[in-house]
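# just a sequence and a predicted model for now, questions to come.
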Amino acid sequence: MKCEICNRENILTFHHFIPKCLHKKKTYKRDYTKEELSKGINVCKYECHREIHNLISNKDLGKYYNSLSKLKNHTKLKNYIKWLQKKKGKQDGNIFG
Ligand SMILES: [Zn+2]
Ligand SMILES: [Zn+2]
């Protein structure tokens, strides 16, 4: 499977658009259905996922970056994706090298 952020074949993990730790909060329970809360994307376990959570706090993720297009519009994440795709050409799959 391919990562939905950087489009590379990789080990993937599921990223919730609305981070799980927010699911129990009243406002999220009130404003979103269970189905909406369980939405997300498959992203690289060690690179893209880590980077998403490095760059954006859980609160901001739930509030402002709760869809793929919004995530991809995050300036720093955009730069990161560009950088990854450049790097790919040089190292050719050796992501831990
Ligand atoms: Zn996540
Ligand atoms: Zn990725």
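Nice, thanks for sending it over. The structure displayed is predicted, hence computed values, not measured ones. Ligands and ions are numbered 1, 2, ... in the order given.
# what sits against N10?
Counting by CB atoms under 8 Å, 6 or more residues apart in numbering, N10 touches 2-3, 44-45, 47, 95. Backbone N, C-alpha and C define where each C-beta goes, glycine included.
# turn the residues you listed into JSON lines, columns for neighbour count.
Shown next, in JSON lines, are the contacts of N10 (neighbours: other CB atoms under 10 Å):
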{"residue": "K2", "neighbour count": "13"}
{"residue": "C3", "neighbour count": "23"}
{"residue": "C44", "neighbour count": "24"}
{"residue": "K45", "neighbour count": "15"}
{"residue": "E47", "neighbour count": "20"}
{"residue": "I95", "neighbour count": "15"}
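# which members of those residues additionally contact ligand 2?
The overlap between these and the neighbours of ligand 2 (CB under 5 Å from the ion) comes to 3, 44.
# now the strands for the chain?
Taking DSSP state E as the criterion, the chain carries its strands at 12-16, 40-44.
# now the last one - C-alpha only, CSV.
In CSV, the C-alpha atoms belonging to strand 40-44 read as follows (Å, rounded to 0.1, in the frame of the first residue of the first chain):
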residue,chain,number,x,y,z
GLY,A,40,-8.3,8.9,8.7
ILE,A,41,-5.6,7.9,6.3
ASN,A,42,-2.8,5.4,6.0
VAL,A,43,0.6,7.0,6.2
CYS,A,44,4.2,6.0,6.7
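# what angle do it and strand 12-16 make?
Inter-element angle recorded for strand 40-44 and strand 12-16: 140 degrees (by axes from the mean of the first three to the mean of the last three CA atoms, to 10 degrees).
# how about strand 40-44: buried residues?
Buried residues in strand 40-44, counted by 16 or more other CB atoms under 10 Å: 40-44.
# on that earlier part again, now the strands of the chain in CSV, with distance to K26?
Converted to CSV, those look like this (distance: least, CB to CB, whole Å):
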stretch, distance to K26
strand 12-16, 18
strand 40-44, 21
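# CSV for those, including mean pLDDT?
Shown next, in CSV, are the strands of the chain (pLDDT from 0 to 100):
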stretch, mean pLDDT
strand 12-16, 98
strand 40-44, 97
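# not counting sequence-adjacent ones, nearest residue to Y28?
Nearest residue to Y28, sequence neighbours excluded (CB to CB, 6 or more residues apart in numbering): L22, at 5.2 Å.
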